[in-house]
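Asks: have a look at this prediction, sequence included:
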Amino acid sequence: MARLLEGKPIAEKIKEGIRQEVELLKNKPVLASIMVGENAGSATYVKSQTKIAQDLGIEYRLQQLSGDTSEAALIEFIQKLNADRSVNGIIIQMPLPAAIDYKKMSQFILPEKDVEGMHPANIGKIVFGKAKILPCTAAAVMELLNASGADLYGREVVIVGHSEIVGKPLSLLLLDKFATVTVAHIGTSKAGKLEEHVRRAEVLIVAVGKAGLIKGEWIKEGAIVIDVGINRVGEKLVGDVEFEAAEKRASAITPVPGGVGPLTVTMLMRNLVEAAKLQQ
Ligand code: NDP
């Protein structure tokens, strides 16, 4: 039976380090969180981010804008926050109203205040192994792998999903550890080759958002499995991997919920403190 890779204890350890770093800063770090319009989903995120920020000694400044804010007005607002020296990091809550393009907006955040690590300048630094601010979910996966004790050197790592926030940055971070990285995606599935790639994974990372996509019987004996996916099935939250069958074959596996999730916000706060350090 696989060892459970739970995010919470790892997050608690990292938070301890963050608290110590915050104490060493001249000023309390400030995170500006932009929310456009009302949305129950993002309100829940904001609530949990506020609580964690408070616990870490970080000031969380919620910037509520009306639902009919235009792209031009949002850009102007972001530029004001860029110029505000008391603000160390800026995030834009999702979802945004249909008239606003998130990708376009996020590029107006100064790279040194981009605590989600999604500005092209920050993504580009990953290629050179020089990134100090990493996309939060990719960073969370790297922390879980680190905690699993896996030696990634020369290991067969298969990532399923090639999104900009997870699969693509992770592939670069893992290359830096000298893993042999395969990135599978929708094209792999359509070519009928997903199973064959998953079967040879010594480390498997899945970030798709489709419950049961990865069959338990495909998991290689002794593999390490990181399931990033979150899917609501009836009343339950499940990942992309068939957990019960997979845990019988894997040596370590993340639960959903409770694996990657608890670490993601912690990574956001770590990025904020890193940004504050760079700015001060
Ligand atoms: P995206 O929708 O941006 O990316 C999903 C990826 O999966 C795409 O590369 C897509 O390819 C690929 N894909 C779709 N269908 C298949 C298939 N049948 N076989 C193989 N690949 C496929 O999602 P995100 O990366 O944003 O998120 C992925 C999952 O992770 C979601 O469930 C999300 O909720 C969860 N998540 C969890 C977080 C956490 O903190 N735990 C944080 C962030 C995300 P294409 O685009 O070409 O169709």
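Replies: Good, I have the coordinates.

Asks: going forward, measure contacts between C-alpha atoms and count neighbours the same way
Replies: Noted.

Asks: tell me where the stretch 51-200 of the chain has strands.
Replies: For the stretch 51-200 of the chain, applying DSSP state E, counting those that start in this stretch gives strands covering 59-65, 89-92, 156-160, 180-184.

Asks: and Ala245, which of these is closest to it?
Replies: Proximity of these to Ala245 was assessed by C-alpha to C-alpha; the nearest stretch is strand 156-160, lying at 18.4 Å.

Asks: quick check: neighbours of the closest one in the sheet, parallel or antiparallel?
Replies: For strand 156-160, the paired strands and their directions (DSSP bridges) are strand 180-184 (parallel), strand 203-206 (parallel).

Asks: closest one to the ligand among these?
Replies: Put simply, out of the strands paired with strand 156-160 the one that sits nearest the ligand is strand 180-184, at 6.2 Å, with distance taken as C-alpha to the nearest ligand atom.

Asks: state the distance from the closest residue to Asp240 other than its chain neighbours to the ligand.
Replies: In space, and not counting its chain neighbours, Asp240 is closest to Ala211: 4.4 Å by C-alpha to C-alpha, 6 or more residues apart in numbering. Taking C-alpha to the nearest ligand atom, to the nearest Å as the measure, Ala211 falls 8 Å from the ligand.

Asks: I'd say Ala211 and Phe243 touch.
Replies: No. With contacts counted by C-alpha atoms under 8 Å, Ala211 stays clear of Phe243, the gap being 10.1 Å.

Asks: check contacts around Pro29.
Replies: For Pro29, the contacting residues are Val22, Gly57, Ile58, Glu59, Val87, Asn88, Leu272, Val273, Ala276, by C-alpha atoms under 8 Å, 6 or more residues apart in numbering.

Asks: pull the contacting residues for Tyr45.
Replies: Tyr45 sits next to no residue when contact means C-alpha under 8 Å, 6+ apart.

Asks: rewinding a little: buried deepest among the strands paired with strand 156-160, which one?
Replies: Among these, the stretch with the highest mean neighbour count (mean count of other C-alpha atoms under 10 Å) is strand 203-206, at a mean of 26.

Asks: what's that strand in contact with?
Replies: By C-alpha under 8 Å, 6+ apart, the list of residues contacting strand 203-206 from outside reads 155-161, 198, 223-229, 240-241.

Asks: which other helices and strands contact whatever helix or strand comes next after that strand?
Replies: Using DSSP states H and E, the helix or strand that directly follows strand 203-206 along the chain is strand 224-227. Helices and strands touching strand 224-227, by 3 or more C-alpha pairs under 8 Å, 6 or more residues apart in numbering; DSSP states H and E, are helix 136-148, strand 203-206, strand 252-253.
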